[in-house]
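Participant: sequence unknown, structure follows:
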């Protein structure tokens, strides 16, 4: 009996000794299994080389590394983790470091040489001269109007007589030379401004918007004074400004052109419908509108290369460079943007915490948020190339995949899912497993923005076609002293395409209400405004 008890006790002790060894084996194989799964995922999702290397190191440490040395490996790994935590907690030292600027020289030179126009045949030459000759202070009419919003509404939205606003009339007389110059420039068909990189924005677009508003004020005065011919001449000048913007290889210029054209068509439509002495000018107005031509696919193709170049600037913000030319990943890519935002809101006297609390978290991150931002640098070290030019090139490859959007048969009615609406796990996947941090996400967001631009184009095209119909409607009214009962009544007096809503491909909607009428498309009301 004593012998049996001794044997049972020995067996029990052996089992107790085996249990820790069994647990270690289970944990070891479990770790190997997890690392193997991560390795396979890295293969499937084309993880960056540094992620591959890290996974292989941990896999080798759990398989090939002799068992006695494994504890030193894990001690080393723990030491690296502790060192990184200490680095994250240390204050950010940005002394001598500036945001990296992507080199646009070669790409800009390529775009510049694509369109060369003799200076005397280039409207940009004379726009630039006008900007140099006429100081912004000369347009003090805007100062007068900005201080009196009621006056602005009256003379910008409606016809006005000189005797009712003598001070405004005098200010227009003061800058009549600029108005005459703008009309002369409108006779020039071609326009190609020098192309600048995104870090050197031009104030040209704001000047053109100001000139367009100035001409609208002068047009309203011409209409009230019975000078329809002068008003039409100025309408043509503003529309030519828009066409000049459409000729530039940048999306921002195109969007400004859309804004200018939309502005003038609103006022032109009002003059067509409400003026009673335009019989002899309707054909001239028709020609002015007919001259407006812009095709979305050609515009998109024209702006594509510059757009890609500009999008690459978003990659540059993740890098910094010092005076010695050394490049590193930025510890806070959005630092400059935060400073600018804080200064802007402080200058405006806006309490950001009350008006936009969600934005306040971005502009004024807490201590913990600052440390998390710095910690992201470690992740970017694994996912982004050390060379920003290489990063920009890789982003360009992602953008090139969307070249098919310029094809004539591309279906803009099928919109992709908004990249921001993707599940959180998908965005994490984009960050970790793509070779470039957010490269595909950035390309998707760029493509998604083109749908918004296309909608603006369709709105403007709808308004443009509506203006042609309003001319035919007004001609019918002048002949019959009543608005047409339906669009079929004016079918022979306007081009066939003018009747179609560019969004739906179906006829624009027209309703006769007796003393007035409505004309509208799916995206915009043409009349009443």
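Facilitator: Here it is on my side, so go on. As the structure is a prediction and not an experimental result, all values here were calculated from the model.

Participant: Need the phi and psi values for residue 71.
Facilitator: Main-chain dihedrals, residue 71, degrees, to the nearest 10: phi -60, psi -30.

Participant: burial count for residue 452?
Facilitator: By other Cβ atoms under 10 Å, the residues close to residue 452 number 11. The C-beta positions use only the backbone N, C-alpha and C, and glycine is treated the same way.

Participant: next one: residue 117
Facilitator: By the criterion of other Cβ under 10 Å, residue 117 has 16 neighbours.

Participant: residue contacts, the residue most central in space within the chain?
Facilitator: Centre of the chain computed as the mean C-alpha position; nearest residue by Cα atoms, centre = their mean is residue 449, 6.0 Å away. Taking Cβ atoms under 8 Å, 6 or more residues apart in numbering, we find residue 449 in contact with no residue.

Participant: buried set for the helix or strand encompassing residue 368?
Facilitator: Secondary structure assignment for residue 368, by DSSP states H and E: helix 367-383. By 16 or more other Cβ atoms under 10 Å, the buried positions in helix 367-383 come out as 373, 374, 376, 377, 380, 382, 383.

Participant: do the same with stretch 346-365
Facilitator: 352, 360, 363, 365.

Participant: next one: stretch 217-229
Facilitator: By neighbour count with 16+ other Cβ under 10 Å, stretch 217-229 contains the buried residues 217, 218, 219, 220, 221, 222, 223, 224, 225, 228.

Participant: wouldn't the fifth one be in contact with residue 169 here?
Facilitator: Going back to what we said before, that points to residue 221. Yes - with contact defined as Cβ atoms under 8 Å, residue 221 counts as touching residue 169 (7.0 Å).

Participant: Common neighbours of these two, please.
Facilitator: Residues touching both residue 221 and residue 169 (Cβ under 8 Å, 6+ apart): residue 162.

Participant: Just give me the neighbour total for the nearest residue to residue 289 once chain neighbours are set aside.
Facilitator: The shortest distance from residue 289 to any residue other than its chain neighbours is 5.1 Å, reached at residue 467 (Cβ to Cβ, 6 or more residues apart in numbering). Neighbourhood size, residue 467 [other Cβ under 10 Å]: 23.

Participant: Could you say which helix or strand holds residue 467?
Facilitator: Residue 467 belongs to helix 439-480, assigned by DSSP H and E.

Participant: got the angle between that helix and helix 367-383?
Facilitator: 100 degrees (axes from the mean of the first three to the mean of the last three Cα atoms, to 10 degrees).

Participant: heads up, I number from 52, so please use that
Facilitator: In the new count, where the first residue is 52, that last one comes out as helix 490-531.

Participant: mean confidence score for helix 490-531?
Facilitator: Mean pLDDT, helix 490-531: 88.

Participant: Repeat that for stretch 146-158.
Facilitator: pLDDT averaged over stretch 146-158 gives 78.

Participant: Any idea how far apart the tips of that stretch sit?
Facilitator: 31 Å (Cα to Cα, to the nearest Å).

Participant: Show me where the stretch 202-351 of the chain has its helices.
Facilitator: Secondary structure of the stretch 202-351 of the chain, counting by DSSP state H, counting those that start in this stretch: helices at 217-225, 227-236, 255-275, 279-297, 302-325, 333-341, 347-362.

Participant: scratch that, the stretch 352-501 of the chain is what I was asking about
Facilitator: For the stretch 352-501 of the chain, applying DSSP H, counting those that start in this stretch gives helices covering 364-367, 386-399, 403-406, 408-414, 418-434, 439-451, 475-484, 490-531.

Participant: closest to residue 177 out of these?
Facilitator: Comparison of the helices of the stretch 352-501 of the chain against residue 177 by Cβ to Cβ identifies helix 490-531 as nearest, at 25.4 Å.

Participant: Quick one: work out the angle between that closest one and helix 333-341.
Facilitator: 170 degrees.

Participant: Tell me the helices and strands packed up against the helix or strand just after helix 490-531.
Facilitator: Next along the chain after helix 490-531, taking DSSP H and E as the criterion, comes strand 560-563. With contacts taken as 3 or more Cβ pairs under 8 Å, 6 or more residues apart in numbering; DSSP states H and E, strand 560-563 sits against strand 568-571.

Participant: List the buried residues in the helix or strand following the strand it packs on.
Facilitator: The C-terminal neighbour of strand 568-571 among helices and strands, as given by DSSP H and E, is strand 576-578. For strand 576-578, the neighbour count (16+ other Cβ under 10 Å) marks 577, 578 as buried.

Participant: go on, stretch 534-554?
Facilitator: 534-535, 538, 540-541, 544-545, 549-554.

Participant: Show the end-to-end separation of it, please.
Facilitator: 26 Å.

Participant: If anything else comes up later, I'll come back, but that's it for now.
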